[in-house]
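>>> heads up, no residue letters with this:
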């Protein structure tokens, strides 16, 4: 009996190692299969990049959240070439946020008829389709794609009419004083822009979402002023970019709204901290906690602005206003040399309103009419739009004017990722760790293992 037991022990000892190895392999396979099943059932995603380069911005996520139907993206590129793989990584952010987004790749060389139908001219373009509408993009990036999705998701593209014909700022102009860059921002968000000369039309079209008025260089004719007044009486929304100087026919518009315009040009000592070459710059740095200033935090600079009194005509309500700093005043004298406030001539101390938001209830259709009067048009000009918070202020004003159909916020322009910069001590530590510490650890581990085996 003892001999049989010894034989069994010897036999089991001989197969002990293969049994252990087989059990390990079986458990390893089971773990891999279980992990794959769990991943398929419940996906998880982590972005450990410092710039969050693999995650959609909150603006893009908000645009996707507004979609009420599936979105289809067709990429005209071979999915296996480097360009196709790069585009697929970009679109993976959108698929992760909205799993119902359909992405397919079409090789334009194999299917040229589909490329022609989508108006594709170069490889890598993307066609977006949503509820029977489609748009083909030639520039690829999160901002461009999200802007296109926002445009496709807009049920009714709003019209913006910019009055021209008397030397006003052009909404599509490229001059320093024009509003072309701001107009492009509106186009990206789905707005349709039209230039409107009141001398050539009988009335402002009824489908106009809002009218943009900047101070004319040549006085309006009486008939043009009457057409603008009728548009306002009929409930039209208005953005009036005012500047110092003669109103040139817009006096009746100011009387109709009951606006009190302070004489002179605003001077703001706070402009010095923004390295302004002239004190004639109104600085808006304090934003009230209301719908007019929602989301604003960066100061905006309004060069050559006028101030207002806080009063309106009967029937109109002052819904809010934005003011210059406490160090400002309305300078009525010359803006050369040293300037100071003279109370005797009626120069008022700041803060002074430079943006007025007016509303009026329209019982006929239950709508709220909105009017914004800004004491400066330069802050939205091509030359000044990119300064500090000017772009954000302009878009927020349009968002307030649009009410519930407000402008969707687009992702910011991509910024270059800052490079890794190491000081002298960190470079020394990195070099020592690579050349000495890690090899020393490997050597110590090897010697320890050899010593342990020699003792067994």
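Okay, I see it. What you see is a predicted model; the values in this text were computed from it and never measured.
>>> Surely residue 239 forms part of a helix?
No: according to DSSP: H, G, I helix; E, B strand; the rest coil, residue 239 belongs to no helix; its state is strand.
>>> close enough to count as contact, it and residue 372?
Yes: applying C-beta atoms under 8 Å, one finds residue 239 in contact with residue 372, separated by 5.0 Å. Glycine gets a C-beta too; all of them are placed from N, C-alpha and C.
>>> which residues do those two both contact?
With contacts taken as C-beta atoms under 8 Å, 6 or more residues apart in numbering, the residues that reach both residue 239 and residue 372 are 397, 401.
>>> Per-residue pLDDT of the residue lying closest to residue 297 once chain neighbours are set aside, please?
If you skip the residues right next to it in sequence, residue 297 has residue 287 as its closest partner in space, 6.9 Å away by C-beta to C-beta, 6 or more residues apart in numbering. Reported pLDDT at residue 287 in the predicted model: 90.
>>> so where's the stretch 201-350 of the chain uncertain?
Residues of the stretch 201-350 of the chain meeting the criterion pLDDT under 70: 337, 344.
>>> show me where it has strands.
Along the stretch 201-350 of the chain, counting by DSSP state E, counting those that start in this stretch, strands occupy 208-214, 237-241, 260-261, 265-268, 281-284, 300-303, 308-309, 317-323, 328-331.
>>> Pull out the buried residues from the last one.
Of the residues in strand 328-331, those with enough neighbours to count as buried (16 or more other C-beta atoms under 10 Å) are 328, 329, 330, 331.
>>> JSON lines please, covering those and showing distance to residue 125.
As requested, the buried residues of strand 328-331 are exported to JSON lines (distance: C-beta to C-beta, whole Å):
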{"residue": "328", "distance to residue 125": "50"}
{"residue": "329", "distance to residue 125": "55"}
{"residue": "330", "distance to residue 125": "53"}
{"residue": "331", "distance to residue 125": "54"}
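>>> from these, which single one is nearest residue 279?
Distances from these to residue 279 were compared by C-beta to C-beta; the smallest belongs to residue 331, at 8.2 Å.
>>> if we can go back for a sec, now the strands of the stretch 201-350 of the chain as a markdown table including distance to residue 145?
Formatted as a markdown table, the entries for the strands of the stretch 201-350 of the chain read as follows, by distance: least, C-beta to C-beta, whole Å:
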| stretch | distance to residue 145 |
| --- | --- |
| strand 208-214 | 25 |
| strand 237-241 | 29 |
| strand 260-261 | 44 |
| strand 265-268 | 40 |
| strand 281-284 | 32 |
| strand 300-303 | 29 |
| strand 308-309 | 41 |
| strand 317-323 | 33 |
| strand 328-331 | 42 |
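>>> Would you mind giving the secondary structure of residue 115?
Secondary structure of residue 115, reduced to three states by three-state DSSP: helix.
>>> Tell me, how many residues neighbour the closest residue to it other than its chain neighbours?
Using C-beta to C-beta, 6+ apart and skipping the chain neighbours, the partner closest in space to residue 115 is residue 108 (3.9 Å). Using other C-beta atoms under 10 Å as the criterion, residue 108 is surrounded by 21 other residues.
>>> How much space separates residue 260 from residue 352?
Applying C-beta to C-beta, to the nearest Å, the value for residue 260 to residue 352 is 11 Å.
>>> Now for the two: what residues contact both?
When contacts are counted by C-beta under 8 Å, 6+ apart, residue 260 and residue 352 have residue 308 as shared neighbours.
>>> pretty sure residue 263 is touching residue 348, no?
No: no contact is recorded between residue 263 and residue 348 when judged using C-beta under 8 Å, the distance being 9.7 Å.
>>> what residues are shared contacts of those two?
Between them, residue 263 and residue 348 have residue 330 as joint contacts when contacts are counted by C-beta under 8 Å, 6+ apart.
>>> my guess is residue 356 meets residue 318, correct?
Yes: with the criterion set as C-beta under 8 Å, residue 356 and residue 318 qualify as a contacting pair; they are 6.6 Å apart.
>>> When the two are compared, which one has more neighbours?
Neighbour tally, residue 356 and residue 318, criterion other C-beta under 10 Å: the higher count belongs to residue 356, 27 against 15.
>>> With adjacent residues omitted, what lies nearest to that one?
Setting aside the residues directly before and after it, residue 356 is nearest to residue 373 in space (C-beta to C-beta, 6+ apart), at 4.6 Å.
>>> Tell me the secondary structure at that neighbour.
With three-state DSSP as the basis, residue 373 sits in strand.
>>> Which pLDDT value does the model give it?
The score at residue 373 is 93. That number is its pLDDT.
>>> Kindly state the beta-bridge partners for it.
With DSSP bridges applied, the residues forming beta bridges to residue 373 are residue 240, residue 356.
>>> ok, it - how many residues close by?
Taking other C-beta under 10 Å as the criterion, the count of residues near residue 373 is 25.
>>> ok, now residue 320?
Residue 320 has 18 neighbours, counted by other C-beta under 10 Å.
>>> swap in residue 167?
Neighbour number of residue 167 under other C-beta under 10 Å is 12.
>>> out of everything not next to it in sequence, what's closest to it?
Using C-beta to C-beta, 6+ apart, the closest residue to residue 167 is residue 217 (2.8 Å).
>>> quick one, what contacts residue 189?
Contacts for residue 189 were tallied using C-beta under 8 Å, 6+ apart; they are 147, 150, 151, 407, 408, 410.
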